[in-house]
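Visitor: Fold the following and give me the result.
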Amino acid sequence: MKSERTIIKTFFSLRSRFDLQKILLFTILASLFLILSLKSSSAKEFRPPPQYNSLDSVDGAALYVTQLSGNGRAYLQAINVQKMHIDQWVGKVRDRGTGQGQYYQGEGQSDSPYFKMTKFDPVWHQYMQAHETQVFSLINFAFFETYRSTTQLAFPVKLNSRLITGGSSPFGPSNNAADERYRFVKLKALIWDENTVSIVDYDPESGSPLNSPTVENAIVTYRYSDHPAKILAQNPPNKYQLIGTLDKDGLPGDEWMLILTVNRATLDEGANLLRQLGARGEIVTADGGSSTLIMNSRTGVLIAPQPVNMVENPNAWKLPHYLGFRRKAE
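Guide: Numbers count the residues shown, from 1 in each chain. I've put the predicted structure just below:
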């Protein structure tokens, strides 16, 4: 009997050690899986260098600021389009501008309407009322033609699957270009959907890629190196908004939009900063200078439109086109 008890005791002792080994192995594997998962998740996030100080952050978007040489400053907004919704806001049409569009001839649509100029305060108020705590920020975007009460936009814009203007800028690739240097400029289109954002070539003759039914929202604008301030004015330090894209998840298509707003810096300096942050492919510009605007739900107004002369430009605080960024509904 004693020997049988010894055998049984030894069996259960061995079994316990075997179970313990399985538990330890399972724990190690689970820990490794957790570490790899955390690393994978971290790899998908955007983190700028330490000189960029955080001003606001939500899941899918962040706002930073950094000091530049010569008392300049740069604001960086990192927007993940998979988590953030991008809204276009445009003033009401006051005149269809029939047949005045120069940069979209596809489908016979060549209008360039006159949009009402609207001050940023009521636009922000309406945006906050409509989406409350989901709102992250608001910026100005499209280049426009005049500071009158209504204005045409410089280049084509597609809003919620509808082309709203064919553009009419005299400083673009048309036979009637106001400056010979612009006749052969290559325009770019900033395109986004629920998963990706891209900057691609735009063809004024065919309207491609805005003529594709799969493109719902797109804004045609300048490559940064074709900005009038660089071509016509030797690239002086000023306020500029530059946009690039970034891929962090390793899947096809870029999911991050990087918006860099510089003050007292050149276009080249802004583009170099975006490259250092990892932006790949083309870099484009939004309207800048005295029209530059950044509003954030936490910090308020960071840069407001600043007219050179309110007497000559009484509408200088008003703009025709804005981009808003808000968290997607859960």
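Visitor: Tell me where the stretch 151-300 of the chain has strands.
Guide: Assigned by DSSP state E, counting those that start in this stretch, the stretch 151-300 of the chain shows strands spanning 157-159, 162-165, 188-192, 197-201, 217-221, 238-246, 256-265, 280-286, 294-296, 300-303.
Visitor: Just put those in CSV and tack on mean pLDDT and mean neighbour count.
Guide: (Glycine included, C-beta is placed from N, CA and C.) As requested, the strands of the stretch 151-300 of the chain are exported to CSV (pLDDT from 0 to 100; neighbours: other C-beta atoms under 10 Å):
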stretch, mean pLDDT, mean neighbour count
strand 157-159, 97, 22
strand 162-165, 96, 20
strand 188-192, 98, 23
strand 197-201, 98, 18
strand 217-221, 98, 25
strand 238-246, 97, 24
strand 256-265, 97, 23
strand 280-286, 96, 20
strand 294-296, 97, 22
strand 300-303, 96, 15
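Visitor: Which one, of those strands, ends up nearest to residue 56?
Guide: strand 294-296 (5.5 Å; C-beta to C-beta).
Visitor: What is the closest one packed up against?
Guide: The contact analysis (3 or more C-beta pairs under 8 Å, 6 or more residues apart in numbering; DSSP states H and E) places strand 294-296 against strand 135-140, strand 300-303.
Visitor: Now do the same contact list for the residue nearest to residue 92 when sequence neighbours are not counted.
Guide: Take residue 92 and drop its neighbours on the chain: the residue closest to it by C-beta to C-beta, 6 or more residues apart in numbering is residue 116, 4.7 Å away. Applying C-beta atoms under 8 Å, 6 or more residues apart in numbering to residue 116 gives the contacts 91, 92, 93, 94, 149, 150, 320.
Visitor: neighbour-wise, which of those leads?
Guide: residue 320 (29 neighbours; other C-beta atoms under 10 Å).
Visitor: On the pLDDT front, check that residue for me.
Guide: On pLDDT, residue 320 comes in at 97.
Visitor: Let me see the contact set for it.
Guide: By C-beta under 8 Å, 6+ apart, the contact set of residue 320 is 90, 91, 115, 116, 117, 118, 142, 144, 150, 151, 153.
Visitor: tally of neighbours for the first one?
Guide: Using other C-beta under 10 Å, the number of residues around residue 90 comes to 20.
Visitor: isn't it right up against residue 158?
Guide: No: the pair residue 90 / residue 158 is not scored as a contact, 11.3 Å apart, by C-beta atoms under 8 Å.
Visitor: what do the two both touch?
Guide: Counting by C-beta under 8 Å, 6+ apart, the residues touching both residue 90 and residue 158 are residue 164.
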